[in-house]
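1. I would like the atomic coordinates for the input below:
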Amino acid sequence: MALAGRHIAIVGAGIGGLAAAAALGQRGARVTVFEQAPALAEVGAGIQIGPNGVSVLEALGLRDAAERLAELPDGVELVDGRSGRRVLRLELGGACVRRYGRPYWQFHRADLLALLEDGAREAGAEIRLGTRVGQIAGHGASLLVVPEARSVPEMTVDAVIAADGVRSPIRAERFATGPPRFTGHVAWRGLIDAAQLDPGLVPAGARVAMGPGRHLVLYPLRGGRLLNFVAVEERDEQPEEGWMQPDEPARLRRAFAGWGGGVEEVLAKVERTFLWGLYDHAPLPVWTKDRIGLLGDACHPMLPYLAQGATMALEDAWVLGSELDVAPSLERGLMAYEARRAPRTARVQRAAARNGRIYHLGPGLRDMANVALGIAGRVSPSGMLARFDWLYGADVVSARSTA
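-> Residues are numbered from 1 along each chain as shown. Predicted structure coming up:
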């Protein structure tokens, strides 16, 4: 069953939703994207796309445009937060290209979102902004999408893809899920004008400063004009899950007071930051139901400790399009999509949670871990990158369909 002529509704115009719109539209589907926000604007934040995600951007015909927007980190440096001493360096840059055939990229999230919007529109997708979906109902052999606003007409479609984020209303209504578990971690994020910093404080690649109960990630964007930060602290207080809660920079600075390696100097320049609570979600037992499928954070929210949330959404989008395009029915295609994606995303979820625990080891365990990592990095630098072959070396574009 080819997708040509099928009408697919996508709820949510984030990275996963727009990538799915492009992947489906390029295969001939008629795609309508519903987005509750009045504009596709994203509060400043960085995002990392591994080689496994670059393969999807390439397949969507967006590689050249993406390359002009991307920052190419030469590596990831792990340092001790208190002393600033290097523990380990993981080579990326040319090492990734040689090993996986594709680079590791960093983007301003708004830049990547705009690129995917262009790709979706070029593929023929209609994007309806300021439109919240209130109800999805069975309608004969199709589905009826009912917007909340009475001024927006109902729409009959063949299938609905929910890419509506970590707090997905469609997931909550249609799929059995348990409550997420608060990890005891909260995170701040934001951007710093690099012109305010001594050049030596802006890393060429990514830098992760680790310490008991907290860690800080820094990497440059937009040609080094901006420095992105994500800072994580363990605490009992449970803020809401989400990225948009403004917080006082002074609280961030207090959490990392006394840290070396330029951390205090960098955080002194933070003027605006947002806080979110980090919650662990168990893998969903079912992703698809009644011609409704989940995608991205709506079905497998990722903790940020492996930087794979956006890349997993890109992989989802490509697999969804490829499976629906060859399946004998939409239902079979959605089931094949779930079968291919669920085991991999569950593994990434587990690996991300494990990384978070390693970053926050206490003094004694951290010292032993630092020694072990340092020795491993000196003995076999290429072997450190090889540990991620299962992740970065996977290519959903070339993988065979299972429908």
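2. who's in contact with the spatially closest residue to Asp158 that is not a sequence neighbour?
-> Counting by CB to CB, 6 or more residues apart in numbering, Asp158 lies nearest to Arg6, which is 4.7 Å off, once chain neighbours are set aside. Every residue, glycine included, has its C-beta placed from N, CA and C. By CB atoms under 8 Å, 6 or more residues apart in numbering, Arg6 lies in contact with Gly28, Ala29, Arg30, Asp158, Ala159, Leu324, Leu330.
3. Just the ones in helices from those residues, please.
-> Leu324, Leu330 (DSSP state H).
4. Could you identify the buried members of the contacts of Arg6?
-> Ala29, Arg30, Asp158, Ala159, Leu324, Leu330 (16 or more other CB atoms under 10 Å).
5. Mind pulling up the pLDDT for the second one?
-> The pLDDT attached to Arg30 in the predicted structure is 97.
6. picking that back up, ok, the contacts of Arg6 vs Trp276, which is closest?
-> Trp276 lies nearest to Ala159 out of those, by CB to CB, at 31.0 Å.
7. For Gln36, see how far away that closest one is.
-> Distance, Ala159 to Gln36, by CB to CB, to the nearest Å: 20 Å.
8. How about Gly333?
-> Taking CB to CB, one finds Gly333 at 27 Å from Gln36.
9. okay, the two: which has more neighbours?
-> Gly333 (27 against 17; other CB atoms under 10 Å).
10. Let me know the secondary structure of that one.
-> helix (DSSP: H, G, I helix; E, B strand; the rest coil).
11. so what's it closest to, chain neighbours aside?
-> Ala327 (3.1 Å).
12. Just give me the neighbour total for that neighbour.
-> Ala327, neighbours per other CB under 10 Å, totals 21.
13. Test my guess that it contacts Ala336.
-> Yes - using CB atoms under 8 Å, Ala327 is in contact with Ala336, at 5.9 Å.
14. Can you name every helix or strand that the lengthiest strand in the chain contacts?
-> When the chain is parsed with DSSP state E, its longest strand is strand 181-193. Other helices and strands packing on strand 181-193, by 3 or more CB pairs under 8 Å, 6 or more residues apart in numbering; DSSP states H and E, are strand 226-234, strand 273-280, helix 330-359.
15. what do you get if the cut-off is 7 Å, keeping everything else the same?
-> Under the contact definition 3 or more CB pairs under 7 Å, 6 or more residues apart in numbering; DSSP states H and E, strand 181-193 sits against strand 226-234, strand 273-280.
16. Could you export the shortest one as CSV, CA atoms only?
-> Right, strand 273-280. Taking Å, rounded to 0.1, in the frame of the first residue of the first chain, the C-alpha atoms of strand 273-280 are listed here in CSV:
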residue,chain,number,x,y,z
THR,A,273,17.7,30.4,32.1
PHE,A,274,14.9,27.8,32.3
LEU,A,275,14.5,25.0,34.7
TRP,A,276,12.9,21.6,34.1
GLY,A,277,12.4,18.5,36.2
LEU,A,278,13.8,15.3,34.7
TYR,A,279,11.5,12.3,34.9
ASP,A,280,12.2,8.7,33.9
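17. and after it, which helix or strand comes next?
-> Downstream of strand 273-280, the next assigned helix or strand under DSSP states H and E is strand 288-289.
18. What is that following strand packed up against?
-> helix 330-359.
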